[in-house]
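A.B. asks: Would you be able to build a 3D model of this:
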Amino acid sequence: MNNALLNQRLQQALGYTFVRADLLTQALTHRSYGALNNERLEFLGDSVLNCTVARALYDAFPDLPEGSLSRLRANLVRQETLADIAASLKLGDSLRLGEGELKSGGFRRPSILADALESLFGAVFLDAGFEAAQRVIRGLFDPLVARIDPRASGKDPKTELQEILQSRKLPLPDYRLAGTQGEAHDQSFIVECVLAKPALTTRGVGKSRRAAEQEAARQACAELQK
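C.D. replies: Prediction:
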């Protein structure tokens, strides 16, 4: 699929069509590709993202104090969450990367995907203003906000599993890549979370290796808490 079609598909997934195509191109350009890259847009998009997510949480949880809202926001805007959203949009297919990054699989690297997603938010902000950027961000994050249980610890599953095992003086888990599935442009990772004691193996699938690890850890937590 050529770049124009990939960019068109990406805009459809975002729910936004750029007026200035040059902003979209810049947002998708990694620093390894050239001097006019997405780093400045990432800086801008990060601020727009944090403000938008803060407002979404403020409206969704009117009884939560500032500290709890800050914790929830941090979980939503962390690299892993952003990379998972970017993977769901197939953002990596549209990235412009230097030869070295292409060879090393940079289009799947969580840090590159997360940065590019924030750059897109910054580009939408420059293209059409804050309200347009807010609509794009809310379209992606509102489903995540709706799934939040404010009574939960807010810790990611891998951290939660580690703390459970440490509290019971048990060995820490081992995460093993069990395989991949799907085509190269739409690949999912399969990861096993292996516990020595108690003897337990769970399996997670995700668009990134980290996402698969988190899903496997989540299942392990559920088994240990039964």
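A.B. asks: can we go C-alpha only for contacts and neighbour counts from here?
C.D. replies: Fine.
A.B. asks: Assumed residue 191 was part of a strand.
C.D. replies: Yes. Assessed by DSSP: H, G, I helix; E, B strand; the rest coil, residue 191 belongs to a strand.
A.B. asks: That one: how many residues sit nearby?
C.D. replies: 27 (other CA atoms under 10 Å).
A.B. asks: any idea which element the residue lying closest to it once chain neighbours are set aside lies in?
C.D. replies: Distances taken as CA to CA, 6 or more residues apart in numbering place residue 177 nearest to residue 191, at 4.5 Å, with adjacent residues excluded. Residue 177 is part of strand 174-181, with elements assigned from DSSP states H and E.
A.B. asks: so what secondary structure elements neighbour that strand?
C.D. replies: Contact partners of strand 174-181 among helices and strands, from 3 or more CA pairs under 8 Å, 6 or more residues apart in numbering; DSSP states H and E: strand 188-195.
A.B. asks: Can you list the helices and strands that the strand it packs on packs against?
C.D. replies: Packed next to strand 188-195, using 3+ CA pairs under 8 Å, 6+ apart, are strand 174-181, strand 200-206, helix 209-224.
A.B. asks: what about that strand, distance to the chain center?
C.D. replies: Remark: strand 188-195 is offset 18 Å from the chain centroid, using CA atoms, centre = their mean, to the nearest Å.
A.B. asks: same question for it, mean pLDDT?
C.D. replies: Strand 188-195 shows a mean pLDDT of 94 in the predicted model.
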